[in-house]
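1. Sequence and predicted structure below; questions after.
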Amino acid sequence: MIKIYSILKYYLIFLVILFFSLLSVELFAQEIRQLSVDKPQAVADLKTTEGAALVNAKWFVQEAHVQEIAFKAPGPGTNGDAMPLYPT
């Protein structure tokens, strides 16, 4: 009779450990969700005027300002940052 209780005790401990391990897997598992399961309802080519007009898209172009500056080697910054990885 005592042997049955000891086997039952180990079986119960095993079930509790199994339950919590499966619960932890569920809690920390990465969620995978398929976002689109059907074909798209519409396709708009934003490179054309007609496609951009379908979705009321407006292009905004700004001229780039390229500045020539001296190269800074990685080292401690002047702002008190002690990380020597990136110049600041």
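-> On my side now, so go ahead. Residues are numbered from 1 along each chain as shown.

2. for the chain, what's the longest helix?
-> Using DSSP state H to assign secondary structure, the helix with the most residues in the chain is helix 2-28.

3. Which SSE is immediately downstream of it?
-> helix 49-54 (DSSP states H and E).

4. pull the CA atoms of that next one into PDB?
-> Once non-C-alpha atoms are left out, helix 49-54 reads as follows in PDB (Å, rounded to 0.1, in the frame of the first residue of the first chain):
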ATOM      1  CA  THR A  49       0.000  59.100 -61.100                       C
ATOM      2  CA  GLU A  50      -3.100  57.000 -61.500                       C
ATOM      3  CA  GLY A  51      -2.000  54.500 -58.800                       C
ATOM      4  CA  ALA A  52      -1.100  57.300 -56.400                       C
ATOM      5  CA  ALA A  53      -4.500  58.900 -57.000                       C
ATOM      6  CA  LEU A  54      -6.300  55.700 -56.000                       C
END
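
5. Residues touching that helix, excluding its own?
-> 42, 44-46, 58-59 (Cβ atoms under 8 Å, 6 or more residues apart in numbering). (Glycine included, C-beta is placed from N, CA and C.)

6. from these, which two are the most distant?
-> Longest distance between any two of the contacts of helix 49-54 is 19.6 Å, between A42 and W59; criterion Cβ to Cβ.
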